[in-house]
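Enquirer: fold the following and give me the result.
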Amino acid sequence: RTNSKNEGARSDAFLCYRHVLYKERNMLLTEHHLSQRKQIIMPQPERIQKTKKSMGAIRHVLGERKREKLARIAFARKEQVQGETSEME
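Expert: Numbering: from 1, shown residues only. You can find the predicted model right below:
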């Protein structure tokens, strides 16, 4: 149970961080758009790439966790079916 709570807390932290990054990305894109309209150079334009890279890393970790969870569920179902089959014999 404790491990499950820790995983949930870490997942919540990742989702919260992803939400913060979405807000940051939207703010940066707005700033980029405004600087183009005003025909000025956007300060520190590399922040957009860094934000996208961070979001990609979080997406990758969440995808790995989802695949692991699905694999555990499939394994549990397979064991359950094998258990039922051995009981019938």
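Enquirer: please enumerate the helices of this protein.
Expert: For the chain, helices defined by DSSP state H occupy the ranges 2-37, 46-88.
Enquirer: rank these by mean pLDDT and give me the bottom one.
Expert: Lowest mean pLDDT of these: helix 2-37, a mean of 86.
Enquirer: how many neighbours does Leu28 have?
Expert: Using other CB atoms under 10 Å, Leu28 is surrounded by 19 other residues. Backbone N, C-alpha and C define where each C-beta goes, glycine included.
Enquirer: hmm, it is touching Arg47, no?
Expert: Yes: with contact defined as CB atoms under 8 Å, Leu28 counts as touching Arg47 (5.6 Å).
Enquirer: and Leu15, how far is that from Arg59?
Expert: Remark: distance between Leu15 and Arg59 (CB to CB, to the nearest Å) = 11 Å.
Enquirer: Arg10 too?
Expert: Arg10 is 15 Å from Arg59, by CB to CB.
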